[in-house]
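Novice: With the sequence up front, the predicted model follows.
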Amino acid sequence: MPVAARPIVFAPALLLAATACFAGASDKAAANASEAGAAPAQQGASITGDVQAPAGARMEGGKVVACSSPYQSCKTKIEAPLRQAGGSSWAYELKLPDRGPWQLIAWQDADGDDEASPGDYLGIARDGAEISAPASAVRIAVKLVAGDQAAAKASNGDIPGLAGSWSQSSTATELVIGSKIKFQPSMATGYGTNLGGTFGPGSATNTTIVTESMPVTVRRQMTLVIRRDGTFTWRITKIQPEGKSCTKTINQEKLGRIQTAGGKMTFAIQGGNESWSGCGKGGSGTISPRSETYGYSNAGGGLRLTGPGGVNWAFRRG
């Protein structure tokens, strides 16, 4: 039977423990399997079962993670993908290096941030009880993770209405991370890189380089393509002051998937690239996976993103 589709609030400690278990699972699973294969006189075993999801939940890309007990430390971590078995049931098979005991967690990372967070689906087998291999028919029920009891269910139901090409252009004050040279009292417990006395040993001030957010005028042009399945391509060009006499141009392309809930739009960025030039310098690089969340509205046929640091971007179609 499908699990009732309602949000669940997990205790912070449980979320932290689950996140610690998941973090790096993909990178370490192969290493764990290799170590297990190399261990002498160890006979492998398996745990099989199914994951029951709420009706309509998208579990593609979900997995079951087995952590050696206790799962808070999870010294050995093995994972297995979910395979749809029909309806809201998903099958799994964990091939383990030994009998354990193990603790099993099912997880679908909806926003791709590699953390157990609101909007994900999460479940723990047998309320966290230890399970020894071999075992079969181990069922795990997952529920929607919500931030608090009043949190609205994430739906993404408005994504089809946002599908299309959007453009934006503005010149506005934004907060930009930069470095400044500051003079601080010698006795002050300031922050930054201390370069020593401003006028030699014993001077009343120290010269310090600090990194902080600074308000600058940024010229910005952006195009945002949203597809009906929630995937997006976001191209950004911004020009901002660099020092006193030149400007820096930054070009970015971000790729990923959008989620909407409770007046918030989250861009789960799965990758991309960027380049920059100015002041006789330049370079390029890749954009690491991360999430960016903004307030949003689409009244009057437009799309507006808002947030701290001067974010108030009005997009129009086309």
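Specialist: Sure, I can see it.
Novice: Tell me how this structure divides into domains.
Specialist: 7-145, 159-174+217-317 (automatic domain parsing).
Novice: can you redo these as a markdown table with mean neighbour count?
Specialist: Where you see a C-beta, it was placed from the backbone N, CA and C, and this is true even at glycine. Conversion of the domains of the chain to a markdown table gives the following (neighbours: other Cβ atoms under 10 Å):
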| stretch | mean neighbour count |
| --- | --- |
| domain 7-145 | 18 |
| domain 159-174+217-317 | 15 |
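Novice: got a markdown table for the ones you listed, with mean pLDDT too?
Specialist: Written out in a markdown table, the entries for those read as follows (pLDDT from 0 to 100):
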| stretch | mean pLDDT |
| --- | --- |
| domain 7-145 | 75 |
| domain 159-174+217-317 | 89 |
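Novice: State the distance from residue 298 to residue 86.
Specialist: Taking Cβ to Cβ, to the nearest Å as the measure, residue 298 and residue 86 are separated by 37 Å.
Novice: can you check residue 138 too?
Specialist: 18 Å.
Novice: Ok, residue 124 next?
Specialist: In this structure, residue 124 lies at 23 Å from residue 86, with Cβ to Cβ as the measure.
Novice: those strands in the stretch 101-250 of the chain, which residues are they?
Specialist: Secondary structure of the stretch 101-250 of the chain (DSSP state E, counting those that start in this stretch): strands at 102-108, 121-124, 135-141, 143-145, 164-185, 193-197, 205-226, 231-242, 246-261.
Novice: Name the strands paired with the last one and say parallel or antiparallel.
Specialist: As defined by DSSP bridges, the strand partners of strand 246-261 come to strand 231-242 (antiparallel), strand 264-278 (antiparallel).
Novice: cool, and the shortest one?
Specialist: Under the criterion DSSP bridges, strand 143-145 sits next to strand 7-8 (parallel), strand 121-124 (antiparallel) in its sheet.
Novice: isn't residue 268 right next to residue 111, touching?
Specialist: Yes: counting by Cβ atoms under 8 Å, residue 268 touches residue 111, with 4.3 Å between them.
Novice: Residue 120 is in contact with residue 107, correct?
Specialist: Yes: counting by Cβ under 8 Å, residue 107 touches residue 120, with 6.6 Å between them.
Novice: Show the contacting residues for residue 292.
Specialist: Going by Cβ atoms under 8 Å, 6 or more residues apart in numbering, residue 292 touches 266-267, 269.
Novice: how close does it sit to residue 264?
Specialist: Between residue 292 and residue 264 the distance is 11 Å, computed by Cβ to Cβ.
Novice: Kindly report the same for residue 168.
Specialist: 19 Å.
Novice: same thing with residue 231?
Specialist: 18 Å.
Novice: and residue 85, what element?
Specialist: Assessed by DSSP states H and E, residue 85 sits inside strand 83-86.
Novice: That strand pairs with which strands?
Specialist: The partner list of strand 83-86 in its sheet, established with DSSP bridges, is strand 89-96 (antiparallel).
Novice: Residues touching the strand it pairs with, excluding its own?
Specialist: 33, 36, 44-53, 59, 62-64, 66, 78-85, 102, 104, 106, 133.
Novice: and if we set it to 7 Å?
Specialist: The contact list for strand 89-96, computed with Cβ atoms under 7 Å, 6 or more residues apart in numbering, reads 44-53, 59, 62, 64, 66, 78, 80, 82-85, 102, 133.
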